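heads up, no residue letters with this:
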């Protein structure tokens, strides 16, 4: 696959993957706004809707807008857009991560959503927020390579819901039934693990010590230029 073709397919694939959390969030937002019937287990969200709505907004903007950061040709032609989008993505990503942590810690979750799944959610949310903070700190130092590395990791963690939906579909197709509590927790953790593994592959796909390739590579950009932050 040529770099140019990969540079088009990767953002498209990320948009398809992001459709899962975006559509689920839209359905939940419509429910909370009173425009739709209450979804299964939705009553608990009506008790404290503010963090849920903030989480939906953060996830939606972060997942959709973030996909275009992996389009090298678009970044190259519109460097100012890339910088402006980054200023939106960092607060939206933090909003998604921190509200996710809040709901994990303080929402009235079903019994099956506690225990091991809570540990995975806390780890993923903390790692996502930390990655965003480290990526932001790196670009302030004009360390473009580390900035991109941490932002790729943060986006991978943020896209966990999309990969989880795929894994649950595979589970249902293979078993014909819903996953039990432990299996659900492991599938959630596996999804975040897969995303992080792909992120690390993307980060390390160029020679050690080099920025992420050239302007035509999907995870690349302007070599060593702080203007691509």
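Good, I have the coordinates. Predicted model only: the values in this text are computed from it and were never measured. Numbers count the residues shown, from 1 in each chain.

Would you map the helices across this structure?
Under the criterion DSSP state H, the chain contains helices at 3-32, 43-47, 49-67, 72-77, 79-106, 116-140, 144-158, 160-175, 181-203.

Please work out which of those is packed deepest.
Greatest average neighbour count among these goes to helix 144-158 (a mean of 23), per mean count of other CB atoms under 10 Å. All C-beta spots, glycine's among them, are computed from the backbone N, C-alpha and C.

That helix relative to helix 160-175, how many degrees between them?
40 degrees (axes from the mean of the first three to the mean of the last three CA atoms, to 10 degrees).

Packing partners of helix 144-158?
Packing partners of helix 144-158 (3 or more CB pairs under 8 Å, 6 or more residues apart in numbering; DSSP states H and E): helix 49-67, helix 79-106, helix 116-140, helix 181-203.

Rebuild the helices of the chain as CSV, extending it with mean pLDDT.
As requested, those are exported to CSV (pLDDT from 0 to 100):
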stretch, mean pLDDT
helix 3-32, 80
helix 43-47, 63
helix 49-67, 93
helix 72-77, 74
helix 79-106, 92
helix 116-140, 96
helix 144-158, 95
helix 160-175, 93
helix 181-203, 94
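
do you know how far the spatially closest residue to residue 127 that is not a sequence neighbour is from residue 93?
Nearest residue to residue 127, sequence neighbours excluded (CB to CB, 6 or more residues apart in numbering): residue 157, at 5.8 Å. According to CB to CB, to the nearest Å, residue 157 and residue 93 sit 9 Å apart.

Overlap of the contact sets of the two?
Common contact partners of residue 157 and residue 93 (CB atoms under 8 Å, 6 or more residues apart in numbering): residue 128.

Any figure for the gap between the residue lying farthest from the centre of the chain and residue 160?
The outermost residue of the chain, judged against the average C-alpha position, is residue 176 (28.3 Å), by CA atoms, centre = their mean. Going from residue 176 to residue 160 by CB to CB gives 25 Å.

cool, residue 85 as well?
As judged by CB to CB, residue 85 and residue 160 stand 21 Å apart.

Equivalent analysis for residue 16, please.
For residue 16, the distance to residue 160 - CB to CB - is 15 Å.

hmm, back to that, the residue nearest to residue 127: what's it in contact with?
97, 124, 127-128, 131, 192, 195-196.

Nearest to residue 109 among these?
residue 124 (15.3 Å; CB to CB).

Give the closest residue to the closest one in space, chain neighbours not counted.
residue 192 (4.9 Å).

so who does residue 99 touch?
51-52, 54-55, 58.

and residue 195, what does it touch?
Residues in contact with residue 195, defined by CB under 8 Å, 6+ apart, are 156-157, 159-160, 163.

nearest to residue 23, of those residues?
Distances from residue 23 to those, taken by CB to CB, are shortest for residue 159, at 14.2 Å.

That closest one: how many residues sit nearby?
25 (other CB atoms under 10 Å).

about what we covered before: just so I know, which of the helices and strands packed on helix 144-158 lies nearest residue 170?
It's helix 181-203; of those, that one is closest to residue 170 (CB to CB) at 9.0 Å.

Before I go, just wanted to say thanks for your time.
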